[in-house]
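>>> When you get a sec, could you give me coordinates for this:
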Amino acid sequence: MIPSAVLAEAPLVSLRPQLRGDVPTGVERLVQAAGLRGEVVFAVADATTGTQLEEYSGNQGLPPASVAKALTALYALDVLGSDYRFETALMADGPIENGILKGDLILMGGGDPLLDTDALANMAANLREAGISEVQGAFKVYEGALPYVFSIDPGQPDHLGYSPSISGISLNFNRVHFEWKRDGTRYDVSMDARSARYKPSVDVASMQIEKRKAPIYTYESSARQDRWTVAQGALGTGGARWLPVRKPALYAGDVFRTLARANGIQLGRVQVMREAPHGTLLVVHHSDPLDSILRGMLKYSTNLTAEMVGMAASQARGANLQTLADSAAEMNRWATEKFGVTGIAMVDHSGLSDASRMAPGALVTALVAAKQAGALKPLLKKFTLADSQGRPVKDHPIKVDAKTGTLNFVSGLGGFITTPDGSELAFAIFTADVDHRATIPRAQRERPKGARSWNNRSRKLQRALIERWGSMARS
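As a prediction, this is how the structure comes out:
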């Protein structure tokens, strides 16, 4: 459990943007030198005592981007516990006689964000080993463990794999693998559910190549299929990418039918159910423990993992969830109860939506509490500082364990600094040009003009601030 915490003392340095004519302080010169259009806010505190060392509009909320995943990790750890495991099961609804299930077979999703094709293959093999050779009833997939969400952030372009659908069953992060190879004047196209050992083709997603230059992708939903088209002019000689899945239960069922057939078990057409089933458990797959899941989430910044573990935590707190925003609101309430902060107004758990707001001072308060509990820091990725040319400095005397966050014209960093003398600091830095971001058309949000250079300037400022704080601690 994570103790509640407040900053123990008044800040040593409290900064605000200077009025015209005032002489800027050292940190304000750093902010001005960055040349960032938009807003900059940050806070840093002693991670042991909670004493605030410096802040710059530290109570102002900005979109945190994926830095939000640090808070989501704390939320899930506190509510579910580090040893929590998700379960995916096969259930029989009917009697079994001589290996024949005279009833329905149900694939029960349990909210496991890491379920992949390899795991389903093992479940299919275990079903056969359990003695099942035939299913006379229907094949159903239960997805009601979590609410269905069409897209993590509906404002993202349709084809981006990091904004898939959410439901109580997820497979391969709810992405399908699209691959194309030119063969003379035509293309060979595949849509599959590949993992480390298997790559079964799928029927739930289709791709049609069309002779056009733009748009590159179009998406249409039918009752049982995600229908994609792609512009032939964008394909070149070959390539591949992951596309989002909008029908997770049908996708998982489609793949499991193929894997069951490979084990000699024929299953009927997939039927999706949201009401919790009852029956006899035949096979249970357990996920990795939660702390391992969160370590991967923080390393690879997987949005779907953040949303699913966040929603699982909200449901464990008794929240009645209809939407992703409902779950984020429950996390906001938890943060207020746990840490006494009011500067957190998330609308999701991943930080993908730019409608979320987080004050750096509020996150720092939570990080101080996490340090006192020994939580989070062991799960965070090492952040390597760089020299003035942007080259990594692997033996830098200042060590950083942090979560990065990047959207177009939004950049953040939050976590822990270990200074050369061994002192530990908790910090959060958020930068955003919200007004300019709002002008970008939806179709151009994958790589808008100017976003890369803006984010590079933001990261340079982050490094400069960390260097400053490391020096302040030494002095």
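>>> How about the contacts made by Asn328?
Residue 328: Ala, not Asn. Shown in contact with Ala328 (C-beta atoms under 8 Å, 6 or more residues apart in numbering): Gly310, Met346, Val347, Asp348, His349, Ser356. All C-beta atoms are positioned from the backbone trio N, CA, C, and that covers glycine.
>>> can you rerun that using 6 Å?
Counting by C-beta atoms under 6 Å, 6 or more residues apart in numbering, Ala328 makes contact with Met346, Val347, Asp348.
>>> Redo those residues as CSV? Include distance to Asp83.
CSV is the format used below for these (distance: C-beta to C-beta, whole Å):
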residue, distance to Asp83
Met346, 26
Val347, 29
Asp348, 26
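>>> can you redo those as a markdown table with neighbour count?
Shown next, in a markdown table, are the contacts of Ala328 (neighbours: other C-beta atoms under 10 Å):
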| residue | neighbour count |
| --- | --- |
| Met346 | 29 |
| Val347 | 22 |
| Asp348 | 26 |
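>>> Which of these sits closest to Leu324?
Using C-beta to C-beta, Asp348 is the member of these that sits closest to Leu324, with 5.3 Å.
>>> so the closest one sits right up against Asp326, yeah?
No: the criterion here is C-beta atoms under 6 Å, and Asp348 misses it with Asp326 at 10.7 Å.
>>> which residues do those two both contact?
With C-beta under 6 Å, 6+ apart as the test, Asp348 and Asp326 reach no residue in common.
>>> Break down the stretch 1-150 of the chain into its strands, ranges please.
Using DSSP state E, counting those that start in this stretch, the strands found in the stretch 1-150 of the chain span residues 14-15, 39-46, 52-56, 87-93, 96-97, 100-101, 104-108, 134-135, 139-142.
>>> Please work out which residues outside the top helix by length along the chain touch it.
Determined from DSSP state H, the single longest helix within the chain is helix 451-474. The contact list for helix 451-474 (C-beta under 6 Å, 6+ apart) reads 30, 34-36, 44, 385-386, 398, 406, 408-409, 411, 413, 419, 423, 425, 429, 431.
>>> Looking only at that helix, what residues are buried by neighbour count?
By neighbour count with 16 or more other C-beta atoms under 10 Å, helix 451-474 contains the buried residues 451, 454-455, 457-466, 469-470, 472-473.
>>> and that helix, average pLDDT?
For helix 451-474, mean pLDDT is 90.
>>> rewinding a little: could you tell me which of the contacts of helix 451-474 belong to helices?
Going by DSSP H, the helices hold Leu30, Ala34 from the contacts of helix 451-474.
>>> Just the buried ones from the contacts of helix 451-474, in ChimeraX syntax?
To isolate in ChimeraX the members of the contacts of helix 451-474 that are buried, counting by 16+ other C-beta under 10 Å, one can use:
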select :30,34,36,44,385,398,406,408,409,411,413,419,425,429,431
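>>> Ala43: neighbouring residues, count only.
Ala43: 30 surrounding residues under other C-beta atoms under 10 Å.
>>> would JSON lines of the strands of the stretch 1-150 of the chain with mean pLDDT and distance to Thr229 be doable?
Shown next, in JSON lines, are the strands of the stretch 1-150 of the chain (pLDDT from 0 to 100; distance: least, C-beta to C-beta, whole Å):
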{"stretch": "strand 14-15", "mean pLDDT": "42", "distance to Thr229": "52"}
{"stretch": "strand 39-46", "mean pLDDT": "97", "distance to Thr229": "40"}
{"stretch": "strand 52-56", "mean pLDDT": "95", "distance to Thr229": "48"}
{"stretch": "strand 87-93", "mean pLDDT": "99", "distance to Thr229": "33"}
{"stretch": "strand 96-97", "mean pLDDT": "97", "distance to Thr229": "45"}
{"stretch": "strand 100-101", "mean pLDDT": "98", "distance to Thr229": "40"}
{"stretch": "strand 104-108", "mean pLDDT": "99", "distance to Thr229": "30"}
{"stretch": "strand 134-135", "mean pLDDT": "98", "distance to Thr229": "36"}
{"stretch": "strand 139-142", "mean pLDDT": "99", "distance to Thr229": "27"}
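>>> I'd like those strands laid out as a markdown table, including distance to Leu367.
What follows is these, written out as a markdown table (distance: least, C-beta to C-beta, whole Å):
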| stretch | distance to Leu367 |
| --- | --- |
| strand 14-15 | 19 |
| strand 39-46 | 8 |
| strand 52-56 | 12 |
| strand 87-93 | 31 |
| strand 96-97 | 52 |
| strand 100-101 | 51 |
| strand 104-108 | 37 |
| strand 134-135 | 51 |
| strand 139-142 | 38 |
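>>> With respect to Leu71, which of the ones you listed lies nearest?
Short answer: strand 39-46, nearest of the strands of the stretch 1-150 of the chain by C-beta to C-beta, at 14.3 Å.
>>> what is the orientation angle of the closest one with strand 52-56?
Between strand 39-46 and strand 52-56, the angle comes out at 180 degrees (axes from the mean of the first three to the mean of the last three C-alpha atoms, to 10 degrees).
>>> Can you list the helices and strands that strand 39-46 packs against?
The elements that strand 39-46 packs onto, with contact taken as 3 or more C-beta pairs under 6 Å, 6 or more residues apart in numbering; DSSP states H and E, are strand 52-56, helix 360-373, strand 424-432.
>>> Excluding residues flanking it in the chain, which one is nearest the residue minimising distance to the centre of the chain?
By C-alpha atoms, centre = their mean, the chain has its centre lying nearest to Asn303, at 1.7 Å. Distances taken as C-beta to C-beta, 6 or more residues apart in numbering put Ser350 closest to Asn303, at 3.9 Å, once the chain neighbours are dropped.
>>> With Glu134 as the reference, measure out to the residue of the chain most remote from its centre.
Computed with C-alpha atoms, centre = their mean, the maximum C-alpha offset from the centroid of the chain is found at Asn98, amounting to 44.7 Å. According to C-beta to C-beta, to the nearest Å, Asn98 and Glu134 sit 9 Å apart.
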